[in-house]
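Student: Sequence and predicted structure, then a few things I'm wondering about:
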Amino acid sequence: MAKRVGVLALQGDFQAHQKALERAGAEVVQVRTPEELRDVQGLVIPGGESTTMLRLLQAANLMQPLKEFGKTKPIYGSCAGAILLATDVINPEQASLQLMDIGVQRNGYGRQLDSRVVQILTDTGEIEAVFIRAPIIVRVGKDARVLARYNGDPVLVEQGRHLVSTFHPELTDDTHVHQMFLDKIA
Ligand code: GLN
């Protein structure tokens, strides 16, 4: 049976994630309310603008339900989603769900080199990584594991049931990272 997963659909490129998850074989539900969160087995928080997404999450009363959800179910955060999952955020500091023990610096590559497409190496092969005004993961807690780096910086990290990437796999045809996330759903 197909796994039923949510994509947080308040802001950002959630439709591209929906398509990528469907290509990987999942049934996808767009999540905008605490009720919609109740019947999904995992959730993707897309890229976009983390400050805007944070405000919308607070306005939708989704912060506490998401923290609770993350205690038992997998969440994959891509780019802005990774910023929302991190325990500490700088440049500037902002609130987050604090579900992954990592520290992130927003817009870590600056304005000059803010977007690019590169090849990165993971345990299971090379994948294409699209970076768009990406954060840099500047600290990785002891329970988190780095799965891929770019230029020495961690760009794909897991901690137990959760996964983050600072790049956008939903913008390529490769479903590798989405598959990795679906494999975390029991
Ligand atoms: N720069 C954005 C932020 O700080 C993230 C960019 C993205 O998700 N592509 O929220």
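Tutor: Perfect, I can see it now.

Student: Going by C-alpha atoms from here, please, whenever you check contacts or count neighbours.
Tutor: OK.

Student: what sits against the residue sitting nearest the centre point of the chain?
Tutor: In the chain, the centroid-proximal residue (CA atoms, centre = their mean) is G77; its distance is 1.1 Å. With contacts defined as CA atoms under 8 Å, 6 or more residues apart in numbering, G77 is in contact with V44, I45, P46, G47, I83, L84, L85, L163, V164, S165.

Student: repeat for D173
Tutor: A20.

Student: quick one, phi psi at it?
Tutor: phi -80, psi -10 (degrees, to the nearest 10).

Student: Get me the contact residues on this protein for the ligand.
Tutor: Within reach of the ligand by CA under 6 Å from any ligand atom, the chain has these residues: G47, G48, E49, S50, T51, C79, A80, R106, N107, I132, R133, A134.

Student: Show me the two of those residues that sit farthest apart.
Tutor: Largest separation among these by CA to CA: T51 and I132, giving 15.6 Å.

Student: higher neighbour count, the two?
Tutor: Comparing T51 with I132 by other CA atoms under 10 Å, the one with more neighbours is I132, at 20 against 16.

Student: thought that one was touching R116?
Tutor: Yes - using CA atoms under 8 Å, I132 makes contact with R116 at a distance of 6.8 Å.

Student: quick revisit: out of the contacts of G77, who's nearest the ligand?
Tutor: G47 (3.4 Å; CA to the nearest ligand atom).

Student: Please name the residues that touch that closest one.
Tutor: G47 sits next to G12, D13, F14, G77, S78, C79, A80, G81, H168 when contact means CA under 8 Å, 6+ apart.

Student: ChimeraX command for the buried members of those?
Tutor: A single ChimeraX command selects the buried members of those (16 or more other CA atoms under 10 Å):
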select :12,13,14,77,78,79,80,81,168
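
Student: The contacts of G47 in strands, which ones?
Tutor: G77, S78 (DSSP state E).

Student: picking that back up, of the residues of the chain next to the ligand, which belong to strands?
Tutor: I132.

Student: Looking at the residues of the chain next to the ligand, which are in helices?
Tutor: S50, T51, A80 (DSSP state H).

Student: hey, where'd the helices end up in the chain?
Tutor: 14-23, 34-38, 50-59, 63-72, 80-85, 176-182.

Student: out of those, deepest packed?
Tutor: For the helices of the chain, the largest average neighbour count (mean count of other CA atoms under 10 Å) is found in helix 80-85, namely a mean of 31.

Student: What helices and strands are in contact with it?
Tutor: strand 42-45, helix 50-59, strand 75-78, strand 162-165 (3 or more CA pairs under 8 Å, 6 or more residues apart in numbering; DSSP states H and E).

Student: For that helix, give the mean pLDDT please.
Tutor: The pLDDT scores in helix 80-85 average 98.
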